[in-house]
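Asks: coords please:
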Amino acid sequence: MLRDYVAAIDGTDVLGSNDLEPVLLGLYGEVGGIMSAAKKHVREGAAFPGFRKAAEEEFGDTLWYFAALCQRLGFSLEDIFTEASRASAYKHVAAASDYSHGAMAQIILPKESVQLDSALFELGRAATALLGAAPAKEDLIRFVGHYLEALHGAELNFSTVVRANIRKTRGAFLLPEPSSLPDFDKDFEAEEQLPRRFRIKVSQRASGRTYLQWNDVFIGDPLTDNIADRDGYRFHDVFHFAHAAILHWSPVMRALIKQKRKSKRDYDEEQDSGRAIVVEEGLTAWIFSRAKELNFFENQSRISFGVLKTIGDFVAGYEVAECPPKLWERAILDGYAIFRQMRDAQGGWIVGDREARTISYEPLEEPV
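Replies: Numbers count the residues shown, from 1 in each chain. Sure thing, here's the model as predicted:
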């Protein structure tokens, strides 16, 4: 039920509780996204399956903004959808229900086939009508009617749209319950696990190269920035250690400390291999290029959802794809907090705690 959807996304609305303009503009923008993605999905069909996912995402984002709008205007999302379904353009079909309090459900369908182009045009007009100072209830009902017609014309499943949007918004805006987070190597022996707690010493020599030490043993190769613009990238291994501590994932760290999961061939080849290492290194370099434009995320408490979404595309097919965007955000921001201290002090200790999913910085000892 839509009331369950509203309950599920509670806490994901980070916009001002009384601000209508950001919600209305967001809604209008998502409707534009629907027009583009839905047309591509229908036109390209099975040739480009990614368009279907994109269309489902745009419909889900539009629903989210519409729910936020209803909340600010004091209307029930479920009531608006119910009233929209009573319009003469819809028919009610009985169906079995898995809802615990009843044996029957009603499915609403347009009485006639829907032309997608017409439905999208009408949805756009209905969205434009909402851009007034305070949209009327009739405008909301009309919008939902055209939203449902466009959804039907695009041949998409509403329940799939709702479930996907819940996963997306909760993953992006709510810190997950620790018990719900994956621990990718808990079933392996200690020598094949990322260490539960670790202290890594990072020191810079007069040559400008940085060195890593774990348990008093040098690991990895000495690093420089490898660029004319000295930006501190020689300290970038801190990000791999942040991944290990907070995400419980880092093929790079496994390679550095030689603790790959070789007892299971598929893990060794598919999750800890050279390709996985390249993915993490490439992702780290890409995030660094974005961070460099933003003063390395100093005084920032959030990462743009566009960046988090791209990260999801980067790691698709690897175990870390199970980690929600909000956990990635925490790993990035905490990692860059350590990076800035490390860069300014020209070294230090990286302290990771996988049980607490934390990473911290300690300065190097004063010279004797």
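
Asks: low pLDDT regions in the chain?
Replies: Within the chain, the ranges that satisfy pLDDT under 70 run 45-49, 88-112, 366-368.

Asks: so what's the one residue sitting closest to the centre of it up against?
Replies: By CA atoms, centre = their mean, the chain has its centre lying nearest to Pro325, at 3.3 Å. Pro325 is in contact with Gly171, Ala172, Phe305, Leu308, Lys309, Ile311, Gly312, counting by CB atoms under 8 Å, 6 or more residues apart in numbering. The way it works is simple: take the backbone N, C-alpha and C, and place the C-beta from them, glycine included.

Asks: so who does the last one touch?
Replies: I take that to be Gly312. Per CB under 8 Å, 6+ apart, neighbours of Gly312: Ala321, Pro325.

Asks: tell me the spacing between it and Lys53.
Replies: Distance, Gly312 to Lys53, by CB to CB, to the nearest Å: 12 Å.

Asks: secondary structure and distance to Gly232 for the contacts of Pro325 - can I get that in CSV?
Replies: Formatted as CSV, the contacts of Pro325 follow (DSSP: H, G, I helix; E, B strand; the rest coil; distance: CB to CB, whole Å):
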residue, secondary structure, distance to Gly232
Gly171, helix, 30
Ala172, helix, 28
Phe305, helix, 26
Leu308, helix, 23
Lys309, helix, 26
Ile311, helix, 21
Gly312, helix, 27
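
Asks: helices of the stretch 201-350 of the chain, residue ranges please.
Replies: Under the criterion DSSP state H, counting those that start in this stretch, helices of the stretch 201-350 of the chain are mapped to 237-242, 251-257, 265-270, 274-293, 305-314, 325-345.

Asks: tell me which residues in the last one are buried?
Replies: Think helix 325-345. Neighbour-count burial for helix 325-345, counted by 16 or more other CB atoms under 10 Å, picks out 325-343.

Asks: what about the closest residue to Val320 other than its chain neighbours, how many residues close to it?
Replies: Of all residues not flanking Val320 in the chain, Trp249 sits nearest, at 4.1 Å (CB to CB, 6 or more residues apart in numbering). Using other CB atoms under 10 Å, the number of residues around Trp249 comes to 27.

Asks: all strands of the stretch 51-200 of the chain, in order?
Replies: Per DSSP state E, counting those that start in this stretch, the stretch 51-200 of the chain carries strands over the ranges 90-96, 104-110, 197-204.

Asks: okay, now the sheet partners of the longest one, with direction.
Replies: Looking at strand 197-204 with DSSP bridges, its partner strands are strand 210-214 (antiparallel), strand 347-353 (antiparallel).

Asks: list the buried residues for it?
Replies: Going by neighbour count (16+ other CB under 10 Å), the buried part of strand 197-204 is Phe198, Ile200, Lys201, Val202, Gln204.

Asks: OK, contacts around the fourth one?
Replies: Going back to what we said before, that points to Val202. Thr210, Tyr211, Leu212, Phe235, Asp237, Val238, Met342, Gly347, Gly348, Trp349, Ile350.

Asks: which of those residues sits closest to Leu69?
Replies: Distance to Leu69, by CB to CB, is smallest for Val238 among those, at 41.9 Å.

Asks: hang on, that closest one packs against Ile338?
Replies: Yes - the criterion here is CB atoms under 8 Å, and Val238 meets it with Ile338 at 5.0 Å.

Asks: what do those two both touch?
Replies: Residues touching both Val238 and Ile338 (CB under 8 Å, 6+ apart) are Ile350, Ile359.
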